[in-house]
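Novice: got a structure for you, letters missing:
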């Protein structure tokens, strides 16, 4: 499935089921965490997970 056809199918699905948008966003986040290089950063109060696109790796 190409990215454009995947985006089109997500748009059609989210038009039918409004709650599906948040679920798809969660799946995309989990996919990025599993399949992209990540870094973990922490300060006194928070833990951050930086993927390749955000962390500038």
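Specialist: Ah, there it is. Since we're looking at a predicted model, the values are computed, not measured. Numbering: from 1, shown residues only.
Novice: low-confidence ranges, this protein, go.
Specialist: Low-confidence segments of the chain (pLDDT under 70): 1-8, 10-16, 53-57.
Novice: repeat the analysis, applying 50 as the threshold.
Specialist: Low-confidence segments of the chain (pLDDT under 50): 1, 54-57.
Novice: helices or strands next to the longest helix along it in the packing?
Specialist: Scanning the chain for the helix with the most residues, using DSSP state H, yields helix 20-35. If you count contacts as 3 or more C-beta pairs under 8 Å, 6 or more residues apart in numbering; DSSP states H and E, helix 20-35 packs onto helix 3-16, strand 47-51. For every residue, glycine as well, the C-beta is placed using N, CA and C.
Novice: between it and strand 47-51, how many degrees?
Specialist: Computed with axes from the mean of the first three to the mean of the last three C-alpha atoms, to 10 degrees, the direction of helix 20-35 lies at 80 degrees from that of strand 47-51.
Novice: next structured bit after helix 20-35?
Specialist: Later in the chain than helix 20-35, the nearest helix or strand by DSSP states H and E is strand 38-42.
Novice: quick one: strands adjacent to that next one?
Specialist: Sheet pairing of strand 38-42 (DSSP bridges) gives strand 47-51 (antiparallel).
Novice: who's in contact with the strand it pairs with?
Specialist: Residues outside strand 47-51 that contact it (C-beta atoms under 8 Å, 6 or more residues apart in numbering) are 32, 33, 36, 37, 38, 39, 40, 41, 42, 57.
Novice: kindly recompute the last result at 7 Å.
Specialist: With C-beta atoms under 7 Å, 6 or more residues apart in numbering as the test, strand 47-51 has contacts from 32, 33, 36, 38, 39, 40, 41, 42.
Novice: report the buried members of those.
Specialist: Among those, none scores as buried (criterion: 16 or more other C-beta atoms under 10 Å).
Novice: how about those in JSON lines, adding distance to residue 23?
Specialist: Output for the contacts of strand 47-51, formatted as JSON lines (distance: C-beta to C-beta, whole Å):
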{"residue": "32", "distance to residue 23": "15"}
{"residue": "33", "distance to residue 23": "16"}
{"residue": "36", "distance to residue 23": "20"}
{"residue": "38", "distance to residue 23": "22"}
{"residue": "39", "distance to residue 23": "26"}
{"residue": "40", "distance to residue 23": "25"}
{"residue": "41", "distance to residue 23": "27"}
{"residue": "42", "distance to residue 23": "28"}
